[in-house]
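Visitor: Provided below are the primary sequence and the corresponding predicted coordinates.
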2 protein chains.
Amino acid sequence: MHHLLSQRSREQRGSRIRELLKLTERPDMLSLAGGLPAADRFPSEIITDAFERAMLHRGPTGPQALQYAPTEGVGMLRERLAAEADCSVDSTLITTGSQQGLDLLARVLCDPGDVVITEDPSYLGALQAFRFAGARVVGVPGDSDGLDTEALATLLAGGARPKFVYVCSNFGNPTGATLSSARRRHVLDLAERYGFLVVEDDPYGALRFAGQAPQSMFAPGRPVVRLRSASKVLAPGLRVGWMTGPATIVTAAGLAKQATDLHTSSLNQLIVMEAFADPRFADHVTSNAAVYAERAGALSAALRRSFGDRVEFTEPQGGMFIWARLLSIDTSALLESALDGGVAFVPGSAFAVEDESDHTDRLRLSFATLTPTLLQAAAERLARAAAVTLV
Amino acid sequence: MHHLLSQRSREQRGSRIRELLKLTERPDMLSLAGGLPAADRFPSEIITDAFERAMLHRGPTGPQALQYAPTEGVGMLRERLAAEADCSVDSTLITTGSQQGLDLLARVLCDPGDVVITEDPSYLGALQAFRFAGARVVGVPGDSDGLDTEALATLLAGGARPKFVYVCSNFGNPTGATLSSARRRHVLDLAERYGFLVVEDDPYGALRFAGQAPQSMFAPGRPVVRLRSASKVLAPGLRVGWMTGPATIVTAAGLAKQATDLHTSSLNQLIVMEAFADPRFADHVTSNAAVYAERAGALSAALRRSFGDRVEFTEPQGGMFIWARLLSIDTSALLESALDGGVAFVPGSAFAVEDESDHTDRLRLSFATLTPTLLQAAAERLARAAAVTLV
């Protein structure tokens, strides 16, 4: 049981978040804590129609939606995603959510003790997957332009030799930051120079409502694996993601996947394929982004109204999160009174890579799940809790 | 990339099977190779109706089928499965097929070099999962009563200290054998005495069409984890399985699952829950078993007609496989002429745990996917190929 014990810290952190998420189920709770898409924005009709069409596909071994599928993914979906990414089918693997992509990459690339570099703070699920594979995760600071590539360059010049550098490229979790075009080029230069892989996680890119999207770092021939997901544009309950990357690495991940879950649900792959082909899908994504824009604006305004100059954050241009700083407040201490007061969030220290005493004045606020009126109420509850915490 | 290289043998074997499965897609091929449920036996109506009901479940964060779910599984399904197994909810974890259960158990229980014992021959996917976690897999021979527990006792008395013993309890893959009641008691005694866990894999138990089912080894308080699956009774394309076992181990597997794929598809969990509650489900399972019985009988008779006393096998009482021995034939050599002659099977050596020169006169024949007439034709093609191979 050595594995279990050595990962106690990771598990405790995971458990704490899970305990927290349980509290948010209280019916009176206004939750800014989840990383969940808006409850009222699921395209149920598109998915129901996609199900009906998915059930019509027949192969030599019966209804394709119900039968076993190839480990790498249902052929038609894989071809579509490869074409969209302008890469070969061999470079494309369907995964059980992009979380599985993180797990598979860590397992095929890392031996115990190998170094992986991420922005600090970082997505908890990524940290869990990397550590579970035995990787030593090293954090690099970031700002509103994403991971600080000068700090990365210094680390590399000092001798760090990561197996890969993990970057959430668009509207990262938890910071909401997008890696700038200049920094993307810098990361690619460093990857070529030092011989590491870039893992570009991009679940939120389609949730852009302002500004220009920088180009993805992925292109055939580059040392980049890009992870994408249907979770934020369709439904996370489907657990369908995909990766594109160098064929050797994607093939290795596919072999690992075979041992892990044989393949991703054939039914859900066909639902995603049919939903992506639905003429209403583009409209759904556009109107989704518009709703998220309204909510981001509402939460931003409400935070400024409730906290004045005691709050700092970058106005979001997409995604689901505001990574706010509350001046002179320990947000872990704030959480308890906030929950008492009927509002939930995730304290910044939960996303710390190196040291849980980092990011203690930060909190991750999701604007995705509440209406503008409720976001205003949530900000007011948060301000009342902060007032109590200050006293 | 050390991981990849050290697992080359495993991967080559996996690749060979995958190459083989590609050949079986030729339209004129009669395939006895797959481990697939019958193409014409999927309960599409039950699943379509279950989908419609699944989409009606609402939680505080929207349609439950589409939203994120707890890692351990959708509450209502988990409770139902726990009640059925007469254990606590804490002892029950929903997995992305039972393949994921094998992977999670290997990862939380084994450090590199730890020993896992399985019957030899064994299910390829289990071997892949155990080896991918770094386990050293040791084989124990079996017969028509399943794993030879006297041989296991000898191994243990000689000093072997496995983290767990893996047993496919009912109609095992590839042998089709069911572990007898006496041997089940013996395994449990040995587990208590030597302090190892028993992993009881049981995907085929519901496909019984003759004889009496021995009791499952799992019961609360025993060192047994039982893996089950909706793949053979509903549809493998859903990728829904579950494990029941000691709460400490199931909890550890749940924490590992969080890093692996966050949770199993909420939609598919609700489809399985609704399908299990459908009054037509029991009839579906019964009539499925009847069809499999007819096909097992047809293949058995066809083999005897085509091979006479040159073939040996135990008449199946359930499951999907006949594990036949062809006297004085190397079935790996036979495969090529069989494929030329339009019939596919998996040669015995593919399932060897210790040494690929074992089981070379065996072949795994699935009777599930073909009608009696086609099974007869397949046996005739096989006999023609064997005649050529002998010359």
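Guide: Cool, got the structure.
Visitor: Quick one: the helices in the stretch 251-391 of chain A, in order.
Guide: A:266-277, A:281-307, A:331-340, A:372-390 (DSSP state H, counting those that start in this stretch).
Visitor: now do the stretch 1-150 of chain A
Guide: A:2-6, A:8-23, A:44-54, A:75-85, A:97-109, A:124-132, A:149-157.
Visitor: which of the residues in the fourth one are buried?
Guide: For helix A:75-85, the neighbour count (16 or more other C-beta atoms under 10 Å in any protein chain shown) marks A:77-78, A:80-82, A:85 as buried. In this view, the C-beta of every residue, glycine as well, is placed from N, C-alpha and C.
Visitor: quick one, what contacts the residue of the stretch 51-200 of chain A found nearest chain B?
Guide: Closest contact between the stretch 51-200 of chain A and chain B, by C-beta to the nearest C-beta, is at A:Gly62 (3.1 Å). A:Gly62 makes contact with B:36-40, B:42 under the criterion C-beta atoms under 8 Å, 6 or more residues apart in numbering or on different chains.
Visitor: ranking those residues by neighbours, who comes first?
Guide: With neighbours set by other C-beta atoms under 10 Å in any protein chain shown, the maximum within the contacts of A:Gly62 is found at B:Pro37, which has 27 neighbours.
Visitor: List the residues that contact that one.
Guide: By C-beta under 8 Å, 6+ apart, B:Pro37 lies in contact with A:62, A:67, B:231-232, B:235-236, B:320, B:368-369.
Visitor: among those, which are in strands?
Guide: Per DSSP state E, strands hold the following members of these: A:Gly62.
Visitor: Please name whichever of the helices of the stretch 251-391 of chain A is nearest to chain B.
Guide: That would be helix A:266-277 among the helices of the stretch 251-391 of chain A, by C-beta to the nearest C-beta, at 3.5 Å.
Visitor: And the closest one, what's buried?
Guide: A:266-276.
Visitor: ditto for stretch A:337-356
Guide: By 16+ other C-beta under 10 Å, the buried positions in stretch A:337-356 come out as A:337-339, A:341-353, A:356.
Visitor: For the residue lying closest to A:Leu197 once chain neighbours are set aside, report the pLDDT, please.
Guide: In space, and not counting its chain neighbours, A:Leu197 is closest to A:Phe164: 4.1 Å by C-beta to C-beta, 6 or more residues apart in numbering or on different chains. A:Phe164 is assigned 98 on the pLDDT scale.
Visitor: count of neighbours near A:Phe164?
Guide: 25.
Visitor: Touching, it and A:Thr118? I think so.
Guide: No - using C-beta atoms under 8 Å, A:Phe164 is not in contact with A:Thr118, being 9.4 Å away.
Visitor: so does stretch A:364-374 get close to chain B?
Guide: Yes - using C-beta under 8 Å from any C-beta of the partner chain, stretch A:364-374 comes into contact with chain B via A:Thr369.
Visitor: how long is that stretch end to end?
Guide: Distance across stretch A:364-374, first residue to last, is 17 Å (C-alpha to C-alpha, to the nearest Å).
Visitor: which residues sit against it?
Guide: A:30-39, A:173-174, A:292, A:294-296, A:298-299, A:303, A:316, A:320-324, A:345-346, A:348, A:350-351, A:375, A:378, B:61.
Visitor: Can you pull out the low-pLDDT segments for chain A?
Guide: A:1-25, A:390-391 (pLDDT under 70).
Visitor: Now do A:Glu336: how many residues are near it, please.
Guide: Neighbours around A:Glu336, by other C-beta under 10 Å: 12.
Visitor: what's the closest of the contacts of B:Pro37 to B:Leu152?
Guide: Within the contacts of B:Pro37, proximity to B:Leu152 (C-beta to C-beta) peaks at B:Met320, which comes in at 25.5 Å.
Visitor: Excluding covalently adjacent residues, which one is nearest to the closest one?
Guide: The nearest residue in space to B:Met320 (C-beta to C-beta, 6+ apart) is B:Ala368, at 4.2 Å.
Visitor: if you compare the helices of the stretch 1-150 of chain A, which one is most tucked away?
Guide: helix A:97-109 (a mean of 28; mean count of other C-beta atoms under 10 Å in any protein chain shown).
Visitor: How about residues contacting stretch A:296-315?
Guide: With C-beta under 8 Å, 6+ apart, stretch A:296-315 has contacts from A:32, A:144, A:176-177, A:209, A:316, A:322-328, A:365, A:367, A:372, A:375-376, A:378-380, A:382-383, A:386.
Visitor: Tell me the bridge partners for A:Leu147.
Guide: Under the criterion DSSP bridges, A:Leu147 forms beta bridges with A:Gly142.
Visitor: Show the contacting residues for it.
Guide: By C-beta under 8 Å, 6+ apart, the neighbours of A:Leu147 are A:118-119, A:140, A:165, A:167, A:179, A:183, A:187.
Visitor: Just give me the neighbour total for A:Gln215.
Guide: Other residues close to A:Gln215 by other C-beta under 10 Å number 11.
Visitor: nope, A:Ser332 is what I meant
Guide: Residues near A:Ser332, counting by other C-beta under 10 Å: 17.
Visitor: Would you check that it makes contact with A:Pro347?
Guide: Yes - contact criterion C-beta under 8 Å: A:Ser332 and A:Pro347 qualify, at 4.5 Å.
Visitor: hey, what's in contact with both of those two?
Guide: A:Thr360.
Visitor: Can you report phi and psi for the residue nearest to A:Leu197?
Guide: In terms of degrees, to the nearest 10, the main-chain angles of A:Phe164 are phi -150, psi 160.
Visitor: now A:Arg239
Guide: Per degrees, to the nearest 10, the backbone of A:Arg239 is at phi 50, psi 60.
Visitor: Relative to A:Ser231, how far out is it?
Guide: 8 Å (C-beta to C-beta, to the nearest Å).
Visitor: So those two - more neighbours on which side?
Guide: A:Arg239 (31 against 25).
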